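>>> Please work out how this folds:
(chains A, B, C and D)
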There are 4 protein chains.
Amino acid sequence: MPTVAILGASGYSGQETLDRILRHPELEIAALGSDSLAGQTAAALDVRLNGSLPHFVPNEDALAVGADVVFLCLGNERAAAVEPPAGAVVVDLSGAHRLVDPELARAWYAVAPGAWSYGLPELYAPEGNLIANPGCYATAALLALAPLAGAVDPATVVVDAKSGVSGAGRELKASSHAGFVLENVSPYAVGAHRHAPEIAQQLGFAVCFVPHLLPVRRGLLATCYVHTDADVRTLLEDAYADSHVVRVLPEGTTPELARVQGTDAAEIGVFADSATGTTIVVCALDNLGKGAAGQAVQNANLALGLDETAGLRLTGILV
Amino acid sequence: MPTVAILGASGYSGQETLDRILRHPELEIAALGSDSLAGQTAAALDVRLNGSLPHFVPNEDALAVGADVVFLCLGNERAAAVEPPAGAVVVDLSGAHRLVDPELARAWYAVAPGAWSYGLPELYAPEGNLIANPGCYATAALLALAPLAGAVDPATVVVDAKSGVSGAGRELKASSHAGFVLENVSPYAVGAHRHAPEIAQQLGFAVCFVPHLLPVRRGLLATCYVHTDADVRTLLEDAYADSHVVRVLPEGTTPELARVQGTDAAEIGVFADSATGTTIVVCALDNLGKGAAGQAVQNANLALGLDETAGLRLTGILV
Amino acid sequence: MPTVAILGASGYSGQETLDRILRHPELEIAALGSDSLAGQTAAALDVRLNGSLPHFVPNEDALAVGADVVFLCLGNERAAAVEPPAGAVVVDLSGAHRLVDPELARAWYAVAPGAWSYGLPELYAPEGNLIANPGCYATAALLALAPLAGAVDPATVVVDAKSGVSGAGRELKASSHAGFVLENVSPYAVGAHRHAPEIAQQLGFAVCFVPHLLPVRRGLLATCYVHTDADVRTLLEDAYADSHVVRVLPEGTTPELARVQGTDAAEIGVFADSATGTTIVVCALDNLGKGAAGQAVQNANLALGLDETAGLRLTGILV
Amino acid sequence: MPTVAILGASGYSGQETLDRILRHPELEIAALGSDSLAGQTAAALDVRLNGSLPHFVPNEDALAVGADVVFLCLGNERAAAVEPPAGAVVVDLSGAHRLVDPELARAWYAVAPGAWSYGLPELYAPEGNLIANPGCYATAALLALAPLAGAVDPATVVVDAKSGVSGAGRELKASSHAGFVLENVSPYAVGAHRHAPEIAQQLGFAVCFVPHLLPVRRGLLATCYVHTDADVRTLLEDAYADSHVVRVLPEGTTPELARVQGTDAAEIGVFADSATGTTIVVCALDNLGKGAAGQAVQNANLALGLDETAGLRLTGILV
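Residues are numbered from 1 along each chain as shown, chains lettered A, B, ... in the order given. I've put the predicted structure just below:
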């Protein structure tokens, strides 16, 4: 059975990736990397993790075990510095390898782009062994917009996105303090978020992207505004007709954060504003699921030739 | 001292209006109308209200006491059916008298428009004794957009708004059930919200308006996207230079729901998205404050010739 | 394969029971009862439920299909009125059949007790085909206290419990309105909650039980205070040594709502207050999981001779 | 007009104290101390603070301006190190000077107690110029229990307290991260919280005190369980008959966090559990109001001979 090493296993996206691998029928954990928890048992991350899992080791050591699949759940700088082991499938959940234009990669992430493939399976199948996993906001925006890209007026596309606090990671920062987050909502990084060039790269044109922080733990909703003459519903339904992950909702049904939380699925709703001729496409997903760990495992599955959705959280109708 | 009757005093906007009148140095309560609490003491609404206030009476009786100012904190239909008493200043917090076009008024509210004046003091001073108080979403959108109305491309304006649950009132409905609201966010009434024609009426053109429900008790944030060559910041700063209610934030400061909650103030932030040439104007206010009761009292003050901000909640820096 | 009918499938506990049956390898849905959704497809409850499920039918019709297992996810009165079909396993998630003392049953639920067995598998194995599923608060209190019952001073036991809003069901009521629940917490039904006599019946003595409503969607935490000379940790560890559902946490680890939400597991922590000689036992569970649907399916599994935890949600380490 | 220096003005309790002084008709700000914001304008704390306030200065400098009143809104260690200026009224909002027993003071705060007076005005009037402001949990527990202290069985008193996240301050820590706080509740510091010896010192006997963290921004509820033969309601009503700050609610009315948030008031409810003969006294207050800044200003007012409630937030009936 192919083996897995997770680097940065104690962060949010690392923990979620571990969750998916523990559910996975054809992958097994070889190493859990975490510089902060190195030496401790897996139970240090979650009391439910028992003795069958290896102890945490430094990320460097986790990389060195020679696992068949390596998930990089690290910050951008740390991920950029990792030397991919020959032969392994490496999925980078950070932003370090998403931008292919050297100038943009340097400007936004201070890295030189390498031979990484952008893997958003429903739209851009990963190629080769080195896979850049998309950003959570970019995933939602692209799922909503990529099938329409040739048919919209690029000059007027707006993506107003709202995300739960886990999108900012487990790191301590003032904007993640519950005293700031609760009973609050605010836009941030307006005109200056790293997912904007990522969306532009994939669509072929820039869109106006503004993220907002919500007082919820997890989940992300992108409300996208476009002007187009195309039959948007048909374009989207065709694009995701075969997907077990992305669902275009029937007319009149509204995407909800609550329905995708804790899952690796995405929901898309299509609406018309007749007064202005605007089409509104709303995509909901879990920033840690389809927006991170779920998609990373989906990408790894494809690279390994396994069932695309093995290990993913796609079922259930919890209240 | 002029006297006040509040009809619908036990709903959210009625309770907030009562709060402002209790703070008001030059107005006093003559009658508290509530069909559901009729006969009970004011303490039935809030245990802190003591014996000096009159008992609740049926709304009809509250109207009949002949108060100098009447606040209609009723549903649209109930408000439309009220016969304004001669000579009194009447502020209608419902939507019944906002639309002046007979066809629109009929279509959206099933009423015939009368001689009511739309009162949003910073933009449209109320005239006469019958004042239609603006909707909460409309207030935020208009504060952000009205000063730019002549300078933007009307075809591409987007207003993406987010509101706390109190915007939907104290009435019991599935979409206000905490089991639905908590850890959730969703758009609603897309392309079909009554505040859209209200915004269009005041701006002179339609905008694409999409409201979202947030898991917060109170507060509203409108993120507005426009294309313009104008100096938006200057237009806005000029518009509100003399206001004690609306504040244009300095560059780099972001509006926050938390800072306006429980107040009658509004905050406006201006941002540029250089990649697409879009200007983003964000307005935050409390849907029950500047979006309802605060503005209603502001309008009444103007109609009575009192200090515009008497009774309003405009101070304090609570965490 | 044994068949299942769910009566009241559109309420919270019904929806969660359906979720577990859909995961269950050895049970299949025969009928979905709901008087409010009768005639509609399963998708009316959740858009993810597809055509392979039967349409909703009136509860009466769901009962009449002759399923092998019937889950009563109804209000107390409705459940009390159901005539159990001969031969079927019937699990009543309401309170109607929990109290065995005729006087208490009449006083608290206005019913006459029948031949129902109280099924809390780790403590009281269900017997026969008619199973009364415990209340959510009672489950938490009993898991914490039953193993100590003989060793504590019964006169001074306190159970201070806190629950998410889903514990009050999907029904619309003022205390479930998000405008009341958000940024709030309050005790309710102090000295008058129906789970108090249920706890007393099982323990053999009354405890002081006070529930509080939390601004969370799901999850329940019971903080129990006892005076005892016994080795509480050992008593609890022994009681649950073989359980896959109830976990006694290692010393120093605190139960958390977040870790049990969306699961059918329970967590117990043991603490000492040396200043007063009090022992504190804290139990966390999901009111809709181990506190309702998870336990109901666990009871049904035992009655049918299936694997006790089949269909349950017991894995995963979601953030 | 007496002048005020606030040390630690940029923390939560400092900001709230500033809020109250800005409302105060007879006190004015002389210095705002903050080591982290030193050199910046007051607007760096809150954009609404304008140029009439002094710039932030290092705490040491704020102390040196010779203000008539000094509020210490610092951490325990920092507060313990401050040399009180002769003649000034000094109110210490930290815990450094609350414990008078030298051994306890050393054990819990690593300080030697000085000549500080414990000031909880309704129960223990401050004496002299050096005032130790009570802890938030201690305030709630003492308001509920002190009037009964002579009449209860001390061996069985339980205080189960629940607090919003602002009680832990603005400092960044894992337990204040919104990803931990949202949709969660958990006990902490069980049997080991510093407010326990403080409560014991004032009551004359130890109680079992367990705090819990709630997913709310502000507010604190203490549910206290006692065994007594006394008429608890009468004892409490007598104790607070003259208070404008503490309100004993009428029978059947339940304290609510929402009603005291943002205020300096406290609410007390009394309940009986007839099954066990337990009396439950519930106190709700705002941890930053009556639990910190409001009480600090109340104490300062008394020390200065001003109106006890000047500057306090005691009015309003916000939804």
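
>>> What residues does the stretch 1-150 of chain A have near chain C?
A:Tyr12, A:Gln15, A:Glu16, A:Leu18, A:Asp19, A:Leu22, A:Arg23, A:Leu45, A:Asp46, A:Val47, A:Arg48, A:Leu49 (CB under 8 Å from any CB of the partner chain). For every residue, glycine as well, the C-beta is placed using N, CA and C.

>>> Going through these, which ones are buried?
Applying 16 or more other CB atoms under 10 Å in any protein chain shown to those, the neighbour count classes A:Tyr12, A:Gln15, A:Glu16, A:Leu18, A:Asp19, A:Leu22, A:Leu45, A:Asp46, A:Val47, A:Arg48, A:Leu49 as buried.

>>> just the helices in the stretch 101-250 of chain A please.
A:102-109, A:136-145, A:178-181, A:195-203, A:232-239 (DSSP state H, counting those that start in this stretch).

>>> quick check, the longest one touching chain B?
No. Applying CB under 8 Å from any CB, one finds that helix A:136-145 is not in contact with chain B, the shortest distance being 12.7 Å.

>>> Remind me what that helix packs against, helices and strands.
Applying 3 or more CB pairs under 8 Å, 6 or more residues apart in numbering or on different chains; DSSP states H and E, one finds that helix A:136-145 makes contact with strand A:158-163, helix A:195-203, strand A:208-213, strand A:220-226, strand A:266-273, strand A:278-285.

>>> what's the average pLDDT for the helix or strand just after the last one?
The reference is to strand A:278-285. Per DSSP states H and E, strand A:278-285 leads on to helix A:294-304 as the next helix or strand towards the C-terminus. Taken as a whole, helix A:294-304 has an average pLDDT of 98.

>>> elements contacting helix A:294-304?
Looks like helix A:294-304 contacts helix A:12-23, strand A:69-72, strand A:89-92, strand A:130-132 (3+ CB pairs under 8 Å, 6+ apart).

>>> who in chain A is up against chain D?
A:12, A:165-166, A:170, A:172-174, A:176-183, A:215-217.

>>> Go again with 7 Å.
A:165-166, A:170, A:172-174, A:176-179, A:181-183, A:215-217 (CB under 7 Å from any CB of the partner chain).

>>> How many neighbouring residues does A:Leu27 have?
A:Leu27 has 24 neighbours, counted by other CB atoms under 10 Å in any protein chain shown.

>>> Now render the helices and strands packed on helix A:136-145 as JSON lines, adding mean neighbour count, mean pLDDT and distance to A:Asp92.
Below are those laid out as JSON lines (neighbours: other CB atoms under 10 Å in any protein chain shown; pLDDT from 0 to 100; distance: least, CB to CB, whole Å):
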{"stretch": "strand A:158-163", "mean neighbour count": "26", "mean pLDDT": "98", "distance to A:Asp92": "20"}
{"stretch": "helix A:195-203", "mean neighbour count": "22", "mean pLDDT": "97", "distance to A:Asp92": "13"}
{"stretch": "strand A:208-213", "mean neighbour count": "24", "mean pLDDT": "98", "distance to A:Asp92": "21"}
{"stretch": "strand A:220-226", "mean neighbour count": "27", "mean pLDDT": "98", "distance to A:Asp92": "20"}
{"stretch": "strand A:266-273", "mean neighbour count": "23", "mean pLDDT": "98", "distance to A:Asp92": "21"}
{"stretch": "strand A:278-285", "mean neighbour count": "27", "mean pLDDT": "98", "distance to A:Asp92": "19"}
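
>>> Make a markdown table out of those and add distance to A:Gly87.
What follows is the helices and strands packed on helix A:136-145, written out as a markdown table (distance: least, CB to CB, whole Å):
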| stretch | distance to A:Gly87 |
| --- | --- |
| strand A:158-163 | 36 |
| helix A:195-203 | 28 |
| strand A:208-213 | 37 |
| strand A:220-226 | 34 |
| strand A:266-273 | 32 |
| strand A:278-285 | 32 |
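
>>> among these, which is nearest D:Gln261?
strand A:208-213 (21.5 Å; CB to CB).

>>> quick one: A:Glu171 from D:Phe180, how far?
Distance of A:Glu171 to D:Phe180, given as CB to CB, to the nearest Å: 13 Å.

>>> got the contact list for the residue nearest to A:Ala168 when sequence neighbours are not counted?
Among residues not flanking A:Ala168 along the chain, A:Ser176 sits closest, at 5.2 Å (CB to CB, 6 or more residues apart in numbering or on different chains). Taking CB atoms under 7 Å, 6 or more residues apart in numbering or on different chains as the criterion, A:Ser176 is in contact with A:Val165, A:Ala168, D:His177, D:Ala178, D:Gly179.

>>> give the contact list for the residue nearest to A:Gly87 when sequence neighbours are not counted.
With CB to CB, 6+ apart as the criterion, A:Gly87 has its nearest non-adjacent residue at 7.3 Å, and that residue is A:Asn129. A:Asn129 makes contacts with A:Ala88, A:Val89, A:Val90, A:Ala303, as judged by CB under 7 Å, 6+ apart.

>>> coming back round to it: what would the residues of the stretch 1-150 of chain A next to chain C look like in TSV with pLDDT and distance to chain B?
As requested, these are exported to TSV (pLDDT from 0 to 100; distance: CB to the nearest CB, whole Å):
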residue	pLDDT	distance to chain B
A:Tyr12	98	16
A:Gln15	98	19
A:Glu16	98	17
A:Leu18	98	23
A:Asp19	98	18
A:Leu22	97	24
A:Arg23	96	22
A:Leu45	97	23
A:Asp46	96	20
A:Val47	95	23
A:Arg48	95	21
A:Leu49	95	25
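
>>> Closest one to B:Asn133 out of those residues, please.
Nearest member of the residues of the stretch 1-150 of chain A next to chain C to B:Asn133, counting by CB to CB, is A:Tyr12, at 44.4 Å.

>>> Surely the closest one touches A:Arg170?
Yes. A:Tyr12 lies in contact with A:Arg170 (CB atoms under 7 Å); the separation is 5.1 Å.

>>> Right, and chain C sits closest to which residue of the stretch 201-319 of chain A?
A:Ile317 (4.4 Å; CB to the nearest CB).

>>> how near is that residue to C:Gly51?
15 Å.

>>> For the two, work out which one has more neighbours and name it.
A:Ile317 (16 against 9).

>>> Excluding chain neighbours, what is closest to the more buried one?
C:Asp46 (4.4 Å).

>>> Need phi/psi at that neighbour.
phi -150, psi 130 (degrees, to the nearest 10).

>>> What pLDDT is listed against the residue nearest to A:Gly87?
So, for A:Asn129, pLDDT stands at 97.

>>> Quick check: the residue of the stretch 1-150 of chain A nearest chain D.
A:Tyr12 (7.1 Å).

>>> Let me see the contact set for that residue.
A:Ser166, A:Gly169, A:Arg170, A:Leu288, C:Val319.

>>> Can you classify the last one as helix, strand or coil?
The three-state label for C:Val319, taken from DSSP: H, G, I helix; E, B strand; the rest coil, comes out as coil.

>>> looking at it, it is touching A:Val165, isn't it?
No. Using CB under 7 Å, C:Val319 is not in contact with A:Val165, being 10.5 Å away.

>>> any common contacting residues for these two?
D:Gly179.

>>> Pick out whichever of these two has more residues nearby.
Between C:Val319 and A:Val165, counted using other CB under 10 Å, A:Val165 has the larger neighbour count: 27 against 21.

>>> and the residue lying closest to the more buried one once chain neighbours are set aside, what does it touch?
Closest residue to A:Val165 apart from its sequence neighbours, by CB to CB, 6+ apart: D:Ala178 at 4.2 Å. Residues counted as contacts of D:Ala178 (CB under 7 Å, 6+ apart) are A:Val165, A:Ser176, A:His177, A:Ala178, A:Val181, A:Leu182.

>>> what's the neighbour count on A:Pro134?
Residues within reach of A:Pro134, counting by other CB under 10 Å, total 30.

>>> which residues touch it?
A:Arg98, A:Tyr118, A:Leu120, A:Glu198, A:Gln295.
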